[in-house]
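Asks: Build me a structure from this.
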Amino acid sequence: MHGDAPRGWLDDVARRHPDATALVADGLTVTYTELAAAAAERTGIEVVEPRLDVDSVAALWGAWRGDGTVLVVDPRDPGRLRAPEPGAVPAGAHTLVPTSGSTGAARLAILTDDNVAAAVSASRQRLGNGPDDRWLLVLPLFHVGGLSILWRSAAVGGTVVLHDRFDPARAAAELRAVSFASFVPTMLRRVLDVDPGPYEGTKVLLGGAACPPQLVDRAFSAGLVPLPTYGATEAASQIATVSPQRAWEDRRSVGRPLAGFDVRIDAPAGTAGEIVVDGPAVFAGYVGEPPRRGPHRTADLGRIDADGRLHVLGRADDMVVTGGENVHPGRIEDVVAAHPAVSEAAVVGIPDPEWGAIVGAAVVAGAALEPDALTGWCRERLRPAEVPRRWMRLRALPYLATGKVDRAAIVRRFTDAPGPVAWHHGAATERGAERST
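Replies: Below is the predicted model of the structure:
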C-alpha cells in the first residue's frame, strides 16, 4: 500500500506512477495524473450525488483530498438527505454514508479517515489485491460497497473498470478482463444466465445479501472464484470474506473475520445470536446521535463454527415468529431455491390473527411448477413450522438499491392477494421492483 492516509492515496499514486491507469469507463482511459487534476480541491462538508461515471469519481476524490467530509446521496432521490451543519460531525470524518433505510428513516453513518484506512488494509490482507489488478465496479457509489472499490484500488494504485449501469452481458464480457468484481447475488445470477462461461478464475465478491449455496456452486462450475462476503456500512464495507485460497473449503460460510475485527455472537457458544463487531474500521456513530461507545450491534443473526467461520442467518427483524416458534427465512430460502425449477426465493412473515405470523414464500420459478410440489419438497427438508403456508410466483423479486430483497414489498403483495396461493406470472409492482442494482 502506498500512503496510509486515505486523503493522500490519489496524489501519492499520481506522483509515484503518473501514467498508471486509475479508471476505465466507456472506452475512456484515465490515468492517476489525469484523475488527480480533475479532482478540484474542496473544503467543508460536500454533498455528492454520484453516478457511475468519471465526473462523479473525480468529485468524490476532490472532496476527499481536502479536509472536508463527503455526504453521498442517491441521485434518484437527491432531496432526501441534506448535509448536516459543519459542527455536527467529528474531526477526521471522511464520508457520511446513508444506511439502507429499508425499515425506517435513513441514518448517516460517520466513517472516519482511520476507519477507511483500517478497512482497506484489512481487505487487502484478505484478498491480496495489488497495482496490477483491475476491479469491475457496477455497485452504486452512494453505498459503501461501491465506494470501497474506489478506496481499495487507489490505496495500491490499481484500476477501476467503471460501468455506467449494470448490464449482465457487458459485465460477463468484462469478467474475462478483470481480476476482481463485486456483485450482489442477483447480479451474478443474471450474468450466468446470459453467459454461463467458462471464465478464467476472476474473483467475485458476493455481498449485500445472502448468496444461495447453489449459486455459489454454479459460479465455481463456470470458472469463477466466488467469495461470499459479510459487511456493513458501519464497518466501511467488509467484516468477513472467504479467502481466495480457501474459496472452495469455506464456500458455505462468509469466511473468517478480517484482520483487526473482533466479531462475536451474543449467545451461548455454538448457538445462533446477534452478530456484534468492533475494531478500528467500525464507524464513529451516526450523525445527530451520541458517539459510538463499545461494540456495534449489527441486528444481524449468525453463528461461528468450530473453524472460526462466520455463518449469517439474516436480519433479526426478518425473523418470523409463527405459533411461538422462531423461523429463519434464510434457511427456508436455501431449501426452496434448491428446487430444480426455482431460480430465486424470498421468505417473509405475513401477519396472521391466529398464529401471529405465517410463513410465505415468493418464488421465481418455471411455469410447469405447481405449489403442491414445492410444499412437498419443503416438508421433506424442513420442520413443520418452517414449511411455507402461502406461495406467490413473480417474474422477478423486488430489490432495494443495496441488492437486498425488498421484503416489505413482498409482504404487501401477499396482503393484497387473498388465499394461500397467488400462482401467476405477475411482476412485482412496487417502486423499484425490477430496478437494476
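
Asks: Next, R7: secondary structure please.
Replies: Using DSSP: H, G, I helix; E, B strand; the rest coil, the structure places R7 in helix.

Asks: Run a quick neighbour tally on it.
Replies: 19 (other Cβ atoms under 10 Å). Backbone N, C-alpha and C define where each C-beta goes, glycine included.

Asks: wait, doesn't it sit right on A63?
Replies: No - between R7 and A63 there is no contact under Cβ atoms under 8 Å: 9.6 Å.

Asks: got the CA positions of stretch 340-347 in PDB?
Replies: Coordinates of each C-alpha in stretch 340-347 appear next as PDB, following Å, rounded to 0.1, in the frame of the first residue of the first chain:
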ATOM      1  CA  PRO A 340     -34.600 -27.500  -9.700                       C
ATOM      2  CA  ALA A 341     -37.400 -25.400 -11.100                       C
ATOM      3  CA  VAL A 342     -36.800 -22.400  -8.800                       C
ATOM      4  CA  SER A 343     -34.300 -19.700  -9.600                       C
ATOM      5  CA  GLU A 344     -34.900 -17.300  -6.700                       C
ATOM      6  CA  ALA A 345     -36.900 -17.300  -3.500                       C
ATOM      7  CA  ALA A 346     -37.700 -14.900  -0.700                       C
ATOM      8  CA  VAL A 347     -39.400 -15.800   2.500                       C
END
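
Asks: Would you mind listing the buried residues in it?
Replies: Of the residues in stretch 340-347, 342-347 count as buried by neighbour count, 16 or more other Cβ atoms under 10 Å.

Asks: Break this structure down into its domains, please.
Replies: As assigned by automatic domain parsing, the chain contains the domains 6-313, 319-426.

Asks: Out of the ones you listed, which gets the lowest mean score?
Replies: Among these, domain 319-426 carries the lowest mean pLDDT, a mean of 86.

Asks: how far out from the middle of the chain is it?
Replies: Relative to the centre of its chain, domain 319-426 is centred 22 Å away, using Cα atoms, centre = their mean, to the nearest Å.

Asks: The chain should start at 722 in everything you say after this.
Replies: Will do, 722 is the new start, and the previous item becomes domain 1040-1147.

Asks: So which bits of the longest helix along the chain are buried?
Replies: In the chain, with assignment by DSSP state H, the single longest helix is helix 834-848. By neighbour count on 16+ other Cβ under 10 Å, the buried set for helix 834-848 is 834-845, 847-848.

Asks: Which residue is the nearest non-sequential neighbour of E895?
Replies: L857 (5.2 Å; Cβ to Cβ, 6 or more residues apart in numbering).

Asks: that's a helix at that neighbour, yeah?
Replies: No - read with three-state DSSP, L857 is strand and lies in no helix.

Asks: Now the phi/psi pair for V882, please.
Replies: For V882, the backbone dihedrals (degrees, to the nearest 10) come out as phi -100, psi 110.

Asks: quick one: contacts for R728?
Replies: R728 makes contacts with 785-787, 815, 834, as judged by Cβ atoms under 8 Å, 6 or more residues apart in numbering.

Asks: Sort out for me which of those are in strands.
Replies: Within the contacts of R728, residues falling in strands by DSSP state E are H815.
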